[in-house]
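**Student:** Sequence unavailable; structure follows:
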């Protein structure tokens, strides 16, 4: 199965590809490296899911919100590349959680995005390096923001 | 107009290129990629602008401080490359705001740097991917720190 | 002296190479660039050193914990490459400190890792670009997390 086919089989819905809310591009290709801006928790209708982890979301809710971010990143890739099959592999993920200062389960939360990428591109190509960390705050008080790098196929 | 000429036309003043305040280089070239360390809010006299966003700075003041960071990055590029014309394009910006935990306008703040880069290198080449996020704290209590990647021209 | 010999001469102990605690790889090579995931404060016995900087650690203790992170990164490099000599140079370090909001000595803290890399690969090749910043929280309440990029030799 191709990445597009694997994504279809998950029965998940992509949001509209997010428009920039500042002076940046959501997507940039340099050589065979694709850079994706920090993406937020876009819901299928294109609105943002809002709230702080540890106050408005427990770790399960936060993990579900990280999957929303992953879906927004897939929407950006699809809008710019036409197909998820163009990606050879996930290189790097920076997963940022907007949480209270005693929160400790950042890796569990960001798995919501990483497991989605693994389902789309597989266990070897769908998993890259990662940091999962806790921010003091995020734009519009979204619970999770994730930026990523991908390698394009030949 | 060249990037140097466009910068001149803005009538802005570069600070002295910041010296490292730890064990790092402000600038590193690898192949045609230029990596720039996290830069702080250097004023034209070389001293740091200090304070937390949401306490000591409102979002307009914070945006102006992000422009100071952009100017410090331009000073580092100019000191290491001789000319801003050597840069082909902005690749990536990580904009970090030292703010209170209910601050929400990080993209607006980091635009202070991104709009400067757009003015220097233009709407296509001057804008790359970006994350704009809220930190718990920053060195010396500076309001904004920004790291960036640029592509060199042929 | 080679990097491996310089490391030996320091008399420091590597922890076991950290296993991922989520859906990511600790190490990924793309072309001649090596990406290393955010690493934590692993002690020689493989357990994590825990605590917040400014509460449980002063800046000296935090700097020592950043050296532990550096040693964990060296363990990952050695496990994946066989030898530290395979690295041509340090490219980039993102040093993240889990500290109280009025902490200001992040560069001093992250020097605990950067000075180790300098001792291993030397003053030119062992020092790259860097950001040293303060997080709201980190996984398992570790005091420091560091991600890094290295260039491989020919």
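**Tutor:** Sure thing, it's come through. Please read all numbers here as calculations on a predicted model, not as lab measurements.

**Student:** Show me which residues of the helix ranked longest in chain A are buried.
**Tutor:** Looking across chain A with DSSP state H, the single longest helix is helix A:59-81. In terms of neighbour count (16 or more other Cβ atoms under 10 Å in any protein chain shown), helix A:59-81 has its buried residues at A:59, A:61-78, A:80-81. Where you see a C-beta, it was placed from the backbone N, CA and C, and this is true even at glycine.

**Student:** who does the lengthiest strand in chain A touch, helix- and strand-wise?
**Tutor:** Secondary structure of chain A per DSSP state E: the longest strand is strand A:87-98. When contacts are defined as 3 or more Cβ pairs under 8 Å, 6 or more residues apart in numbering or on different chains; DSSP states H and E, strand A:87-98 sits against strand A:33-39, helix A:59-81, helix A:106-125, strand A:129-135, strand A:144-152, strand B:129-135, strand C:27-30.

**Student:** Mind checking the pLDDT average for it?
**Tutor:** In this model, strand A:87-98 carries a mean pLDDT of 98.

**Student:** now that strand, how far from the chain's geometric center?
**Tutor:** 7 Å (Cα atoms, centre = their mean, to the nearest Å).

**Student:** Pull the contacting residues for the residue lying closest to residue A:80 once chain neighbours are set aside.
**Tutor:** Using Cβ to Cβ, 6 or more residues apart in numbering or on different chains and skipping the chain neighbours, the partner closest in space to residue A:80 is residue A:27 (4.3 Å). Residues in contact with residue A:27, defined by Cβ atoms under 8 Å, 6 or more residues apart in numbering or on different chains, are A:34, A:35, A:36, A:37, A:76, A:77, A:79, A:80, B:129.

**Student:** and the fourth one, what is it in contact with?
**Tutor:** Contact analysis of residue A:37 by Cβ under 8 Å, 6+ apart lists A:20, A:24, A:25, A:26, A:27, A:147, B:129, B:130, B:131.

**Student:** try 10 Å this time
**Tutor:** By Cβ atoms under 10 Å, 6 or more residues apart in numbering or on different chains, the residues touching residue A:37 are A:18, A:20, A:22, A:24-28, A:73, A:76, A:145-148, B:92-93, B:128-132.

**Student:** The fifth one too?
**Tutor:** Counting by Cβ under 10 Å, 6+ apart, residue A:76 makes contact with A:14-15, A:17-18, A:25-27, A:34, A:36-37, A:39, A:42, A:148.

**Student:** Could you list the low-confidence segments of chain A?
**Tutor:** Counting by pLDDT under 70, chain A contains no low-confidence range.

**Student:** Recalculate using a threshold of 90.
**Tutor:** For chain A, the stretches with pLDDT under 90 are A:154.

**Student:** And the spatially most central residue of it, how close does it get to residue B:36?
**Tutor:** Geometric centre of chain A, nearest residue: residue A:70, 2.7 Å, by Cα atoms, centre = their mean. Computed as Cβ to Cβ, to the nearest Å, the residue A:70 to residue B:36 distance reads 29 Å.

**Student:** Residue A:103 now?
**Tutor:** Counting by Cβ to Cβ, the separation of residue A:103 from residue B:36 is 31 Å.

**Student:** same thing with residue A:60?
**Tutor:** 39 Å.

**Student:** I'd like the helices and strands packed on strand A:87-98 as a markdown table, with distance to residue A:1 appended.
**Tutor:** As requested, these are exported to a markdown table (distance: least, Cβ to Cβ, whole Å):
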| stretch | distance to residue A:1 |
| --- | --- |
| strand A:33-39 | 22 |
| helix A:59-81 | 16 |
| helix A:106-125 | 9 |
| strand A:129-135 | 24 |
| strand A:144-152 | 19 |
| strand B:129-135 | 29 |
| strand C:27-30 | 24 |
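
**Student:** among these, which is nearest residue C:113?
**Tutor:** strand A:129-135 (14.2 Å; Cβ to Cβ).

**Student:** Mind listing what's buried along the closest one?
**Tutor:** Result for strand A:129-135 [16+ other Cβ under 10 Å]: buried residues A:129, A:130, A:131, A:132, A:133, A:134, A:135.

**Student:** Of the residues you listed, which is the nearest to chain B?
**Tutor:** Set against chain B, the nearest of the buried residues of strand A:129-135 by Cβ to the nearest Cβ is residue A:135 (5.4 Å).

**Student:** Please tell me I have it right and that closest one contacts residue C:137.
**Tutor:** Yes - counting by Cβ atoms under 10 Å, residue A:135 touches residue C:137, with 8.4 Å between them.

**Student:** shared neighbours, the two?
**Tutor:** Counting by Cβ under 10 Å, 6+ apart, the residues touching both residue A:135 and residue C:137 are A:53, A:97, A:99, A:106, B:136.

**Student:** Count the neighbours of the second one for me.
**Tutor:** By the criterion of other Cβ atoms under 10 Å in any protein chain shown, residue A:97 has 32 neighbours.

**Student:** what does residue A:104 give?
**Tutor:** For residue A:104, using other Cβ under 10 Å, the count is 17.

**Student:** which ones are touching it?
**Tutor:** A:54, A:59, A:134, C:50, C:137, C:138, C:139, C:140, C:141, C:142.

**Student:** got it, and residue A:151?
**Tutor:** So residue A:151 contacts A:31-34, A:87-92, A:125, A:128, C:28, C:30-31 (Cβ under 10 Å, 6+ apart).

**Student:** and if you look at residue A:115?
**Tutor:** With the criterion set at Cβ under 10 Å, 6+ apart, residue A:115 makes contact with A:63, A:66, A:67, A:70, A:126, A:127, C:22, C:23.

**Student:** again, only this time at 7 Å
**Tutor:** Under the criterion of Cβ atoms under 7 Å, 6 or more residues apart in numbering or on different chains, the neighbours of residue A:115 are residue C:23.

**Student:** now swap in residue A:108 and tell me
**Tutor:** By Cβ under 7 Å, 6+ apart, the neighbours of residue A:108 are A:59, A:63, C:22.

**Student:** The longest helix of chain A to strand A:33-39, inter-axis angle?
**Tutor:** Relative orientation of helix A:59-81 versus strand A:33-39 (axes from the mean of the first three to the mean of the last three Cα atoms, to 10 degrees): 130 degrees.

**Student:** now helix A:59-81 and strand A:87-98, what's the angle there?
**Tutor:** 140 degrees.

**Student:** For helix A:59-81, what is the distance to the chain centroid?
**Tutor:** The answer for helix A:59-81 is 4 Å, by Cα atoms, centre = their mean.

**Student:** Next to chain B, which bits of chain A? Give me the list.
**Tutor:** A:21-25, A:28, A:30, A:35-38, A:96, A:135-141, A:145, A:147 (Cβ under 7 Å from any Cβ of the partner chain).
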